[in-house]
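Trainee: With the sequence up front, the predicted model follows.
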Amino acid sequence: MMTLLYTSDPERGRTWRDVFAAEAADIGFVDPTDPHDPATIRYLAAWNPSVELIATLPALEILFSIGAGIDQFDMSRLPPHVRVVRMIEPGIAQGMVEYATMAVLALHRNLIDHGIAQREGRWAPIKLTPASQRRIGVMGLGILGQAVLGALRPFGFPLSGWSRSAHAVEGVDCFAGAAALPAFLSGCDILICLLPLTTETRGILCRETLSQLPRGAGLINVGRGGHLVEQDLLSLLDEGHLSGAVLDVFDPEPLPQGHALWAHPRIIMTPHVASMTRADSAARALIANIRRHVSGATMEGEVARDKGY
Ligand code: NDP
């Protein structure tokens, strides 16, 4: 029998177990508390498995990430033959669409300035900017970037996107590659980062790039904390080049107490909650991928280990 070892949150694991029992009785499902022979484990579903655990699994073929990202894995310490698959399931996209829409509307409707005025006891109306004059740009035209753009379309914002390779997305002005980054950035009144964290994208939200945004622009970072050079953001906010930021991800997490981001009046922070993997649909997505693997089909979300995403 092929067996999956699940090492993530035990409470959500109960849902995973029920879905496997009901829909994939041919695939063994164990968690670390179940008696099992490590030599029979072909699949591992985990967030950040230790090197020691992986070393005990000689038959391991595929490491499935419990989340959309795989930057938490230390690829250099993973045996080269182990394939890596990220999580693609509807719950993640749904959560991200809600969060990004909330953040865009918060910045678009001046919630940061209204919050500052409220705390100072000032009644300070701000003239509305029509959506048709607020340009939104998304870095990353993958599963999540495209889902977010699709949700923003009905508001009437001019939309653009930036990716590594060229894409055509209806109603979206698409840019590709490093050479096109300045042209993309200069047209974003609100920039959303939905990139994976790789050696190429680490630190991509820095003074050099953020200062290419139009004066008064806002930033939403829902990618990874490692994308943002926090000190550069703080300086650009204090200089008035940027008007506000909504941040969901930090480096490290949790953000240390006393860090300047916590108290900045122009930053809205959330503790990495933009979207969360939903247990039932994640278990189903993983079962579907195991079935694809067994039948020799392409798995959804397999990572190119050399590219890092
Ligand atoms: P995908 O792999 O589907 O998409 C990634 C996109 O980024 C692709 O369009 C890719 O370009 C682009 N990209 C990658 N490297 C570069 C580069 N060097 N230059 C330009 N573009 C680049 O990922 P998802 O959409 O599923 O997820 C994106 C990220 O969102 C995750 O990696 C994770 O970090 C983050 N995330 C955050 C969550 C949260 O709660 N805050 C929850 C879930 C995910 P191309 O299309 O050409 O390959």
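Mentor: Received the coordinates, thanks.

Trainee: now Gly171, nearest residue through space, not along the chain?
Mentor: Arg153 (5.5 Å; CB to CB, 6 or more residues apart in numbering). For the C-beta atoms, the positions are set from N, CA and C on the backbone; glycine is no exception.

Trainee: Could you give the number of residues near that neighbour?
Mentor: 15 (other CB atoms under 10 Å).

Trainee: so it makes contact with Leu159?
Mentor: Yes - judged on CB atoms under 8 Å, Arg153 makes contact with Leu159 at a distance of 6.6 Å.

Trainee: residues contacting the residue in the stretch 1-150 of the chain positioned nearest to the ligand?
Mentor: Nearest to the ligand in the stretch 1-150 of the chain, going by CB to the nearest ligand atom, is Gly142, at a distance of 1.7 Å. Residues in contact with Gly142 (CB atoms under 8 Å, 6 or more residues apart in numbering) are 163, 194, 196.

Trainee: just Leu195 next, same as before
Mentor: 139-140, 201, 204, 223-224, 227 are the contacts of Leu195 under CB under 8 Å, 6+ apart.

Trainee: coming back round to it: so what sits against both of Arg153 and Leu159?
Mentor: What both Arg153 and Leu159 touch, as defined by CB under 8 Å, 6+ apart, is the set Gly171.

Trainee: Once you drop chain neighbours, what's closest to Gly218?
Mentor: Leu107 (3.9 Å).

Trainee: Am I right that that neighbour is in a helix?
Mentor: Yes - applying DSSP: H, G, I helix; E, B strand; the rest coil, one finds Leu107 inside a helix.

Trainee: could you pull out the strands for the protein?
Mentor: Taking DSSP state E as the criterion, the chain carries its strands at 2-6, 27-30, 41-46, 62-65, 83-85, 136-139, 159-163, 172-176, 190-193, 217-221, 242-247, 267-269.

Trainee: could the ones you listed go into JSON lines alongside mean neighbour count and distance to the ligand?
Mentor: Below are these laid out as JSON lines (neighbours: other CB atoms under 10 Å; distance: least, CB to the nearest ligand atom, whole Å):
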{"stretch": "strand 2-6", "mean neighbour count": "21", "distance to the ligand": "19"}
{"stretch": "strand 27-30", "mean neighbour count": "20", "distance to the ligand": "24"}
{"stretch": "strand 41-46", "mean neighbour count": "22", "distance to the ligand": "16"}
{"stretch": "strand 62-65", "mean neighbour count": "22", "distance to the ligand": "10"}
{"stretch": "strand 83-85", "mean neighbour count": "19", "distance to the ligand": "12"}
{"stretch": "strand 136-139", "mean neighbour count": "28", "distance to the ligand": "7"}
{"stretch": "strand 159-163", "mean neighbour count": "23", "distance to the ligand": "4"}
{"stretch": "strand 172-176", "mean neighbour count": "18", "distance to the ligand": "7"}
{"stretch": "strand 190-193", "mean neighbour count": "27", "distance to the ligand": "8"}
{"stretch": "strand 217-221", "mean neighbour count": "26", "distance to the ligand": "8"}
{"stretch": "strand 242-247", "mean neighbour count": "24", "distance to the ligand": "10"}
{"stretch": "strand 267-269", "mean neighbour count": "19", "distance to the ligand": "12"}
